[in-house]
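Enquirer: Need coordinates for the below:
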Amino acid sequence: MKAIVNGSILLDGREVTGRALVFEEKIIGITEPDGVPAGCEVIDAQGLLVSPGLIDLHIHGYVDRDASDGDARGILDMAKALLRAGVTSFLPTTMTLPLPDLDRALEAAAQAMRESESPSFPGSRVLGVHAEGPFINPKRKGAQAEGAIASPDAGFLLRRPGLVRIATVAPEMPGCMECVRELSAHGVTVSIGHSDATFEQAMDAVAAGAGYVTHLFNAMSPMHHRAPGVTGAALASGVYAELIADTQHVHPGLFGMLRKVKGEKLLLVTDCTRAGGIGDGDFTLGGQAIRVRGLSCTLEDGTIAGSVMTLAQAVLSFSSHAGVSLAEAVPHASLYPARAIGLGDQKGSLEPGRDADVALFGGDMKAHAAF
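Expert: A predicted model of the protein is given here:
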């Protein structure tokens, strides 16, 4: 049993001071410091923020590893590095690849998922996969490989039950609405993304089971007052919506508005590439060349291609630009993502009974430790 003392505990949007967090594999409770059970290993937080571990539902790569490489070791390397950045759970996210390559990537992720479940594994937990494609619209492909776009086939993504947690699809493509129904019926969180759907088509997909939108505003039909598109449907409905808060994908002036409109359905993600944690240079994303300069991560033609920020940096950016405290920003990267994939009663919060996924952050959201 462990107890963290002398920290500011972030508890579902509020900050609790002068208390101790007691945990083993699960959160046991929050108590007065003199109420810590005898024999506990006491961890002095020295004024740091005691936060639920962050959960990234959309991350392609990190530290020169990529979920599309088809290498379980690479995903586990990502997991170890992500834990040091305060991320305790994540969905390695695949790109639109030729189906044999995507199948290898999914098998590698399944292997990594099994290994990460060991209590002795020194890294972030792989919760499953976010399959971003290949059932998307070439008109809104963004940084996805057009030649690998495939006809909708829910069975392909359901070959390994429980692996694919989120599937990004374009519901307007022929046969895709049935794919939405089948995936959602099997417990997959279906996301609308890389889509040119009309508002009506997007809302039909929501009615058919889609409950999520991939990187809001990006690679989707935009909002016009007479043609609201996917963007309008995301704002008008109760779906979860991803925000990449690097200020490159979405103007930061919209962050506060998005929080007001979407509330607890707004999720912070990174869409990070293998360049994350490394710095400027030339890399690949799903087999395509990308160039990284500062916060800019693009294909050779200038198309935005993911990001290089950490999820903790996203929390800090969102807090600053949305005008909310870090305590209010953190649930958008912990509890709300857990809810989006059906794990809200297990992860994302320091409430008693939840998994003891805990991170210590400074006021600059630099991670000092994670458990």
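
Enquirer: From now on I want contacts and neighbour counts done on CA atoms only, so please keep to that.
Expert: Noted.

Enquirer: Just list what the biggest strand by length in the chain packs against, helices and strands only.
Expert: For the chain, the strand reaching the highest residue count under DSSP state E is reported as strand 87-94. With contacts taken as 3 or more CA pairs under 8 Å, 6 or more residues apart in numbering; DSSP states H and E, strand 87-94 sits against strand 54-59, helix 99-116, strand 125-126, strand 129-132, strand 358-361.

Enquirer: Could you list the alpha-carbon positions for stretch 78-92 in CSV?
Expert: Output of stretch 78-92 as CSV, limited to C-alpha atoms (Å, rounded to 0.1, in the frame of the first residue of the first chain):
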residue,chain,number,x,y,z
MET,A,78,6.0,3.8,-26.7
ALA,A,79,4.2,2.6,-23.6
LYS,A,80,7.3,2.9,-21.5
ALA,A,81,8.1,6.4,-22.7
LEU,A,82,4.5,7.6,-22.4
LEU,A,83,4.4,6.5,-18.7
ARG,A,84,7.3,8.9,-18.1
ALA,A,85,5.2,11.6,-19.7
GLY,A,86,2.3,11.0,-17.3
VAL,A,87,0.1,8.9,-19.7
THR,A,88,-0.9,5.7,-18.0
SER,A,89,-3.2,4.3,-20.7
PHE,A,90,-3.5,4.8,-24.5
LEU,A,91,-4.8,3.5,-27.8
PRO,A,92,-2.0,3.0,-30.3
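
Enquirer: Show me the contact partners of that stretch.
Expert: Under the contact criterion CA atoms under 8 Å, 6 or more residues apart in numbering, stretch 78-92 has outside partners 53-63, 65, 67, 75, 109, 122-130, 165, 310-312, 357-361, 366-371.

Enquirer: One more pass at 7 Å, please.
Expert: Contact with stretch 78-92 is made by 53-60, 62-63, 65, 67, 122-130, 357, 359, 367, 369-370, as judged by CA atoms under 7 Å, 6 or more residues apart in numbering.

Enquirer: so which helix or strand takes in Gly162?
Expert: According to DSSP states H and E, Gly162 maps onto no helix or strand at all.

Enquirer: which stretches of the stretch 101-250 of the chain aren't confidently modelled?
Expert: Regions of the stretch 101-250 of the chain meeting the criterion pLDDT under 70 are absent.

Enquirer: Skipping adjacent residues, who's closest to Met177 in space?
Expert: Once flanking residues are discounted, Met177 sits nearest to Pro171: 5.3 Å by CA to CA, 6 or more residues apart in numbering.

Enquirer: Could you pull out the strands in the stretch 101-250 of the chain for me?
Expert: Under the criterion DSSP state E, counting those that start in this stretch, strands of the stretch 101-250 of the chain are mapped to 125-126, 129-132, 164-169, 189-192, 212-213, 240-244.

Enquirer: is it true that Thr284 lies in a strand?
Expert: Yes: assessed with DSSP: H, G, I helix; E, B strand; the rest coil, Thr284 lies in a strand.

Enquirer: end to end, how far does stretch 56-64 reach?
Expert: Start and end residues of stretch 56-64 are separated by 17 Å (CA to CA, to the nearest Å).

Enquirer: ditto for stretch 62-73
Expert: This stretch, stretch 62-73, spans 13 Å end to end (CA to CA).

Enquirer: How about stretch 207-222?
Expert: End-to-end distance for stretch 207-222, by CA to CA: 20 Å.

Enquirer: ok, residues contacting that stretch?
Expert: Here stretch 207-222 has contacts from 140-142, 168, 180-181, 184, 189-197, 228-231, 234, 239-244, 249, using CA under 7 Å, 6+ apart.

Enquirer: in that stretch, what's buried?
Expert: By 16 or more other CA atoms under 10 Å, the buried positions in stretch 207-222 come out as 208-222.

Enquirer: Next, count neighbours for Leu254.
Expert: Close neighbours of Leu254, defined as other CA atoms under 10 Å, add up to 12.

Enquirer: which one is it nearest to, not counting chain neighbours?
Expert: Spatially, and ignoring its direct neighbours in sequence, Leu254 is nearest to Ala322 (7.8 Å; CA to CA, 6+ apart).
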